[in-house]
Structure formats: C-alpha cells, structure tokens
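Engineer: Task: produce atomic coordinates for the following.
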Amino acid sequence: MSLIKKKRFWIGIVITIVFLYLVFRQVEFHSLAQALMHAEYWWLIPALIVYLIGYLLRAIRWRYLMNSLKVMKWQDLFPPLVLGFMVNNVFPARAGEFVRAYIVGKREGISKSSVFATVIMQRAYDGLVMVLFAGLVLYFFKLPRTQANAEFVDMVNLVVNLTTALFVFMFIFLFAVITWKELAVKLSGKITQFLPEAWRRPMDRMVHSFIKGFSVLKSRKDSLLAFCFSVLAWSGESAAYYFILRAFGLDFPVYVAIMLMAVVNLGIMIPSSPGYIGPFEFFGVGTLMLFNIEKSLALPCILVIHAMIWLPITLWGFYYMWTMKLSFREMEAAEKEEGAKDITNPPHTLRGTRRHRVRGDYKKEN
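Structural biologist: From the prediction side, this is the model:
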C-alpha cells in the first residue's frame, strides 16, 4: 500500500490525533468504563436495523439518479454502494466515491464521469438534508448556551452556516448545469480565464467533464424522488442515534438525536484518518455536552454510535470485496486513476488493462 507515502494521509493522522486529544483530555476513564459496562445493549438491535435499512434506501435513491444513464435494479447497485462506503472507512479522502463509480461504469459499460456525477449528486443531497435537519433544530429548538459551552455553540453555528452556504451553492450549480448546460459552460469559461495558463486548461477539462456528466441528469421527477429517499435514509440514521442514546439511559427528545446526527456528519467533512476517527468523537461529544450530558457519559455513547456505523458496513463491504475478487491494490489503483483523470475515460480505454480490471462474478461482462 502506498497510502503512507501520501501527504494527505499524514495530515489526516495529525488532525485525528489533535481531535482525539481534545476529546479524551480530562476524561474519567473509570466512569467511562462503567457507562460502557452498564449500557442496555439490546437497543442496538433496532438501531442496527434502521441503520442498515438506510443503505437500502440509498441504493433505491441511486437507482433513480441512474435512470437517465441506464435503467437498473437497486439490488445491482447495492453491492458497489456498500463497497464504496467500506472503502471510505478504510481509505482516506473518500476514495470510495471513485471506486463505486469505477465499478458501476466498468460493469455496465457506462461513462464513468456520468456515474460519478450521480455519486456527487447523492453527496449534494446528503449535505442538503443534514443542513436542513440542523437548520430546523436550530430554528425551533435553540441550543442551550452557557458561558462554558459558548465557544462550541459558536463553532456549531459556524459549521452549519458555512455548510449551508456550500451545499446551497452546490445544489444551485448542479441544477444550473442540468437545466442550462450551455450557460454553465460559458460561465465556467469566464471564471477560468482569470487563472494562470498552467491551471486554466486542466480546470477547463475538468469543468467540461463534470458538466457533461451532470447534463445527463435531466429528470426532475427522479431528482425529487432521490431527494425524498435521502430524507428517509438520514431519518433512519437519526433514529439509530436515538436508540443508542436510550441504551445509555439518555431519554431526550428526538430532535437531540437529529441534531447530533447532523452536526457529526457535517463535522466529519474535515479531513482526518480513515473512518473519520477524531472529528466524529469531537463533534459528537461536544453536541451531547450542549444538552448537559457529562463527558464521561457522552463519550461512551459516541464511541458505541461510531462503532455501530463503522463496523457492520465495513464487514459487509469486505464480503462484497471477497465475492467480487477485488484487492486493495486494485481499488487504490482505481481511485488513483479515476481521481487523476476526473473519470473522463470511456469504458473501452480500460479493457485489457489487468491492473485495473474488476474481476469476479458480481455481474457478467457485456
């Protein structure tokens, strides 16, 4: 593996260490252990059920976004979806997004840039839903603010405001690309003309590639259904958080779990080590402490939540990796190739290239 040679890997490790230090300092480890031992773990059963149903809903969402490229069953999209999330859990920089676009594009004979466009659309919907959830909670249920937690409340508000602006801009941009392709090309050209020559041409190629990919997403009905399934999927994950709060005797209103889920998932956009270790705990513990939960109880709760959302999907992804006869070397090569070329290669350019070939019996080659 060449990950340890990459600068982004070590930057992520440093960020993880910093956040873990902030989380674990002044923790009463005896109280933490007691909380872990006395939790009512049978609550994990409903939590795990609704959490995994969320992935079925994500596969159905992806099916609607794929309709303009190729009509597919959600069952055929589910394995690469899970595999992609597994890669995100063990590789840095969300490499799983490239891997699942690579697999689907290769197997189905579809432009990988177009498949990757549907993946980006999913991320845009995810961000919009989380911002929507966090915004509704902040509007209807003001976060408890004290002199002790004022800095964290300000940080939460800043994260929500910045990500709101980011995802609203992304959504407007994607809608404009889908609806007014020619105008989007002209605007991108006017923006890139101010860049140095060495940057302008690669940027133009990248923008045109993404515009070409996003332009296939023309069905407003499918886009609306995809957004609805995004809301359902994240509602399920919020329910999973709520059940684990109950496991630790934290009988709070549902909006606390919704806020926790939204802040954590917005917070882990910060680069870190694979699996979002560090930022997940920092923003999770900080959010629970806003509701007057001691760190010695908030931390074990967040650790269990993190384990629940990391372990099952990672193991499931390894199962698909085994059945599809993939290796980490192949997935890393796919991520490197797709990331470097912005997934612009047509399918035929990869045929016969053994190093990047996706093998196995997941689906027969056309």
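Engineer: and the gap between the residue nearest to Ile277 when sequence neighbours are not counted and Met324?
Structural biologist: Spatially, and ignoring its direct neighbours in sequence, Ile277 is nearest to Thr16 (5.2 Å; CB to CB, 6 or more residues apart in numbering). Just so you know, the C-beta spots here come from the backbone N, C-alpha and C atoms, and that holds for glycine as well. The span separating Thr16 from Met324 equals 30 Å under the rule CB to CB, to the nearest Å.
Engineer: Which one's more surrounded, the two?
Structural biologist: Thr16 (23 against 19; other CB atoms under 10 Å).
Engineer: tell me what the helix or strand hosting Ala307 is packed against?
Structural biologist: In this assignment (DSSP states H and E), Ala307 forms part of helix 295-323. Contacts defined by 3 or more CB pairs under 8 Å, 6 or more residues apart in numbering; DSSP states H and E place helix 295-323 against helix 29-37, helix 44-66, helix 74-90, helix 220-247, helix 279-290.
Engineer: Out of those helices, which is the most enclosed?
Structural biologist: When the helices and strands packed on helix 295-323 are scored by mean count of other CB atoms under 10 Å, the highest mean neighbour count falls to helix 279-290 (a mean of 24).
Engineer: Next, the angle from that one to helix 220-247.
Structural biologist: For helix 279-290 against helix 220-247, the angle by axes from the mean of the first three to the mean of the last three CA atoms, to 10 degrees is 60 degrees.
Engineer: now helix 279-290, how far from the chain's geometric center?
Structural biologist: 18 Å (CA atoms, centre = their mean, to the nearest Å).
Engineer: What helices and strands are in contact with it?
Structural biologist: helix 7-24, helix 150-179, helix 254-267, helix 295-323.
Engineer: quick one: the residue positioned nearest the centre of the chain from Arg58, how far?
Structural biologist: Residue closest to the average C-alpha location in the chain (CA atoms, centre = their mean): Arg123, at 6.4 Å. In this view, Arg123 and Arg58 are 11 Å apart by CB to CB.
Engineer: Which pLDDT value goes with the residue nearest to Ile277?
Structural biologist: Listed pLDDT for Thr16 reads 83.
Engineer: Pretty sure it sits against Gly278.
Structural biologist: Yes: counting by CB atoms under 8 Å, Gly278 is a contact partner of Thr16 at 3.6 Å.
Engineer: Leu288 against Ile302, yeah?
Structural biologist: Yes: using CB under 8 Å, Leu288 is in contact with Ile302, at 7.0 Å.
Engineer: What is the helix or strand containing Ala101 packed up against?
Structural biologist: Secondary structure assignment for Ala101, by DSSP H and E: helix 96-108. When contacts are defined as 3+ CB pairs under 8 Å, 6+ apart, helix 96-108 packs onto helix 74-90, helix 112-140, helix 328-341.
Engineer: Distance to Ile191 and mean pLDDT added to these, as a markdown table?
Structural biologist: Below are those laid out as a markdown table (distance: least, CB to CB, whole Å; pLDDT from 0 to 100):
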| stretch | distance to Ile191 | mean pLDDT |
| --- | --- | --- |
| helix 74-90 | 30 | 91 |
| helix 112-140 | 19 | 82 |
| helix 328-341 | 22 | 60 |
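Engineer: Tabulate these (JSON lines), appending distance to Ser230.
Structural biologist: Listed next are those as JSON lines, based on distance: least, CB to CB, whole Å:
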{"stretch": "helix 74-90", "distance to Ser230": "13"}
{"stretch": "helix 112-140", "distance to Ser230": "4"}
{"stretch": "helix 328-341", "distance to Ser230": "24"}
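Engineer: what's the closest of those to Ser238?
Structural biologist: helix 112-140 (7.3 Å; CB to CB).
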